[in-house]
Structure formats: C-alpha cells, structure tokens
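Undergrad: sequence and predicted model, in that order:
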Amino acid sequence: MWVCAAVVLTATVARPGPAAAHSNLVAASPAQGQTVGAPLDTLELAFDNGVRDMIVTLTGPDGMEIDAEVVALAAHWVEVPAPPGGWTEGRWRVAWSLISADDDPVDGAFVFTYRADALPALPLTVAEVTLPDSPWWEGTVTAMAIGAAVLGVVVGAVVLAARVRRLRQLRASGRSQGEPGERAPSR
C-alpha cells in the first residue's frame, strides 16, 4: 500500500508543468490576415519556446508550393527570406512544421496578402515577442527533484515501519535481543 501511494504521489508531483508546453507562434511579420506591400524582404516568426528542425512552405496565389529557407535569429525566432523571384500579388500561405522545445512535433499556418501598393510590413522587435521567463525544462527538473525527495521519504518510512514491525514480532515471540547493555545469548 505504501509503495502504491508513493508512486501515485511522485507521479502527481513530478508531472511536467506548463513550462514544458509546445512552442506556439506568438508573433509574425507580416501578421495573420495582414495586407502588406514592398519592400518585403523577409518573413519573421517568433515562438514562445525554442524550436529546431523547422521547415517552412510558402504557397503563392497561383497555388505553387515553395520550400523556403529558414534562418534562425535566436532559439525561438526565425526569419524566412523572400522566395526566388520575389512576391507576386495575392494571398500567400505560410505553413511550418518544427520540433518544439519539449521534443514534440508542432505545425501551423497563417495567411497574408501581398499587394505592391500597400504599406510595408514592420519588422518584429524584441518587445513584441513574449520570451519565456525560464528555460522550458526548469519547472520539470524542479518537480522531479521534489518528487524524488518525497519518494525517498516515503521509502524510508516504509523501511523503518518494516523494521519496527519485525522487532515487535521478535519481542512477541520471545526471541528478543535483550535490553541495551546485555549480551545476546550464545549458541
């Protein structure tokens, strides 16, 4: 029973918290649904946690898909250069797939419209991007350390209870080890 309680308690305490969540898109330039014009040299995507192995596919107004280059500006912030030949007027779809900071695959997409006579997109600034307060793993490691400590205390209590029970059984059966300071009977 004690072991079962220890396992349940450890699993509850050591579960990953929201710090281990998937990386979510928090800002983009151009933004979802925005109409932008020249110059548009790059797209910028910012996530709330680190990303890796990112693939971006641009789908132009003609339906043609272009595998885009991805340039990392930081662990959570990437830049995608304009497609070869530049942007054609119309609706563009930006789709991505990546490995999130918690090692899970994540994908998403948004659309924007390019029109040569529209205002240009403004680049993202650090102030616009919500950066994580701590590394994604920090809460998980803390929870696991607390869980290990609780498990250690529970296991210690189980071992102590077993020893006390065994000592009581020995004393009840008359096979006591004697009082402190007395010698054990020789065999």
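TA: On my side now, so go ahead. Numbering: from 1, shown residues only.
Undergrad: export stretch 111-121 as CSV, just CAs?
TA: The C-alpha trace of stretch 111-121 is given here as CSV (Å, rounded to 0.1, in the frame of the first residue of the first chain):
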residue,chain,number,x,y,z
VAL,A,111,-2.1,33.7,-44.5
PHE,A,112,-1.3,37.2,-45.6
THR,A,113,-1.9,39.2,-48.7
TYR,A,114,0.8,40.9,-50.8
ARG,A,115,-0.2,44.0,-52.7
ALA,A,116,2.6,46.2,-54.2
ASP,A,117,0.8,49.5,-53.4
ALA,A,118,0.1,48.5,-49.7
LEU,A,119,2.2,49.7,-46.7
PRO,A,120,5.3,47.5,-45.9
ALA,A,121,5.3,45.0,-43.0
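Undergrad: mind listing what's buried in it?
TA: 112-114, 118, 121 (16 or more other CB atoms under 10 Å). Yep, even glycine has a C-beta here, placed from its N, CA and C like the rest.
Undergrad: shouldn't Ile99 be in contact with Ile55?
TA: No - the pair Ile99 and Ile55 does not pass the contact test of CB atoms under 8 Å, sitting 10.1 Å apart.
Undergrad: quick one, which of the two is more surrounded?
TA: Neighbours were counted for Ile99 and for Ile55 using other CB atoms under 10 Å; Ile99 has more, 15 against 12.
Undergrad: what bridges to that one?
TA: Arg52, Pro105 (DSSP bridges).
Undergrad: Ala28 too?
TA: Applying DSSP bridges, one finds that Ala28 bridges with Leu45.
Undergrad: am I right that Arg165 falls within a helix?
TA: Yes - the assignment for Arg165 (DSSP: H, G, I helix; E, B strand; the rest coil) places it in a helix.
Undergrad: residue contacts, it?
TA: By CB atoms under 8 Å, 6 or more residues apart in numbering, Arg165 lies in contact with nothing.
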